[in-house]
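In: okay, structure incoming, though there's no sequence with it:
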């Protein structure tokens with residue numbers, strides 16, 4: 001009995017020590033204090049100077065308002081993998097950052113002066129979604145108020161042969177990057193910087209957070225003007241809806257490419273997995289006007305309209321025809337003579353008399369194609385929601 005209670009006491013003591021150690025470790029961690037939401041402001045990071053590049057990175061973080069006219073530099077860099085973490089010190093407490101940011105801080109750290117910086121991963125509390133939504137919306141203003149923007153491209157080591165080869169070819173492409181930047185600056189206030197154009201032009205760009213394929217361009221777009229809702233709590237499907245409804249509300253936007261743009265945004269946000277069938281059925285209301293009211297000899301164009309109360313979106317379309325009858329399947333019409341006879345009789349029944357000769361000719365040609373078609377090729381045109389190269 002005595003030995004068991006002694007063992008239990010040791011286990012209890014071990015648990016208490018573990019909890020005590022966790023509390024000590026937690027006390028050493030840095031946590032963001034909330035920003036004052038009554039006025040527009042940001043956090044600024046002061047990067048301590050260091051003569052020795054191997055010295056640990058130490059910083060301090062303070063709150064400032066834009067009314068104070070703060071002087072700072074903004075840092076742009078690639079976030080990289082979240083699994084690769086490094087520790088820095090903020091206000092004497094430990095804080096984890098990604099490896100790319102850690103390398104950037106060591107690279108831009110000065111030997112003779114402290115450096116005041118705005119860095120999104122540190123200056124925005126990434127765990128506080130409402131704050132993140134607000135700060136992301138202010139990000140264009142944050143960057144524009146910076147004295148300069150530092151771009152860290154990473155630690156890249158080039159071997160000697162590649163370096164010589166790059167120098168030899170530099171005469172051919174030395175002005176390509178400046179020219180691209182100049183064109184982008186020239187187009188800054190043109191339609192080239194509309195949200196749709198930015199999303200489509202840079203759809204090949206990579207980002208860890210799929211919503212940033214949309215939200216990342218809000219500050220650059222000339223047509224948003226605080227109209228696009230930014231909310232990282234929204235599902236990917238809801239962000240997709242916001243993008244489509246935003247485009248449809250723009251009367252100056254092209255009326256013919258809504259579906260193409262919708263597919264582009266869907267792909268950027270993650271493809272078909274962003275919404276289940278139930279999501280689509282419950283959220284998107286699709287209405288079709290009675291065919292008889294729309295169909296006539298002249299094709300009729302319906303312009304896009306939007307009803308925000310019901311989330312109803314009418315897309316532009318041309319009515320080219322209507323389905324009068326569903327015929328047999330491919331396998332039925334190939335193998336069942338009765339189905340074939342019934343199909344031909346229905347052609348006579350549903351096709352206007354003046355169009356029957358051409359319809360019968362087309363049907364005979366179609367039957368010849370079906371008799372010789374390879375089933376693998378048939379699968380490419382018989383599936384729903386297919387993609388054909």
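Out: Great, that's in hand. Bear in mind the structure is a predicted one, so any value in this text is a computation, not a measurement.

In: which parts of the protein are strands?
Out: 41-47, 58-65, 73-76, 85-90, 93-98, 115-118, 148-151, 301-302, 305-307, 312-314, 317-318 (DSSP state E).

In: in a markdown table, list those strands along with mean pLDDT, distance to residue 25 and mean neighbour count.
Out: Using the backbone N, CA and C atoms, a C-beta is placed for each residue, glycine as well. Listed next are the strands of the chain as a markdown table, based on pLDDT from 0 to 100; distance: least, CB to CB, whole Å; neighbours: other CB atoms under 10 Å:
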| stretch | mean pLDDT | distance to residue 25 | mean neighbour count |
| --- | --- | --- | --- |
| strand 41-47 | 96 | 23 | 19 |
| strand 58-65 | 96 | 19 | 16 |
| strand 73-76 | 95 | 29 | 18 |
| strand 85-90 | 92 | 12 | 16 |
| strand 93-98 | 93 | 9 | 16 |
| strand 115-118 | 97 | 27 | 20 |
| strand 148-151 | 93 | 33 | 12 |
| strand 301-302 | 42 | 63 | 12 |
| strand 305-307 | 53 | 53 | 13 |
| strand 312-314 | 63 | 52 | 17 |
| strand 317-318 | 67 | 61 | 13 |
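
In: among those strands, which comes closest to residue 163?
Out: strand 148-151 (21.3 Å; CB to CB).

In: mind giving me JSON lines with the strands of the chain and columns for distance to residue 257?
Out: Formatted as JSON lines, the strands of the chain follow (distance: least, CB to CB, whole Å):
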{"stretch": "strand 41-47", "distance to residue 257": "38"}
{"stretch": "strand 58-65", "distance to residue 257": "42"}
{"stretch": "strand 73-76", "distance to residue 257": "31"}
{"stretch": "strand 85-90", "distance to residue 257": "43"}
{"stretch": "strand 93-98", "distance to residue 257": "37"}
{"stretch": "strand 115-118", "distance to residue 257": "37"}
{"stretch": "strand 148-151", "distance to residue 257": "33"}
{"stretch": "strand 301-302", "distance to residue 257": "15"}
{"stretch": "strand 305-307", "distance to residue 257": "16"}
{"stretch": "strand 312-314", "distance to residue 257": "14"}
{"stretch": "strand 317-318", "distance to residue 257": "12"}
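
In: ok, which of those comes nearest residue 268?
Out: By CB to CB (comparing all of the strands of the chain), the closest turns out to be strand 312-314, at 19.1 Å.

In: where does the residue most central in space within the chain land on pLDDT?
Out: In the chain, the centroid-proximal residue (CA atoms, centre = their mean) is residue 213; its distance is 2.6 Å. Note for residue 213: predicted pLDDT of 92.

In: measure it to residue 232 for me?
Out: According to CB to CB, to the nearest Å, residue 213 and residue 232 sit 13 Å apart.

In: what does residue 70 give?
Out: 26 Å.

In: same question for residue 147.
Out: Taking CB to CB, one finds residue 147 at 29 Å from residue 232.

In: quick one: which of the two has more around it?
Out: Applying other CB atoms under 10 Å to residue 147 and residue 232 shows that residue 232 carries more neighbours, namely 15 against 10.

In: excluding chain neighbours, what is closest to that one?
Out: residue 129 (5.1 Å; CB to CB, 6 or more residues apart in numbering).

In: cool, and residue 105?
Out: Spatial nearest neighbour of residue 105, excluding adjacent residues (CB to CB, 6+ apart): residue 57 at 5.0 Å.

In: list the contacts of that neighbour.
Out: 47, 48, 50, 88, 89, 102, 105, 106, 109 (CB atoms under 8 Å, 6 or more residues apart in numbering).
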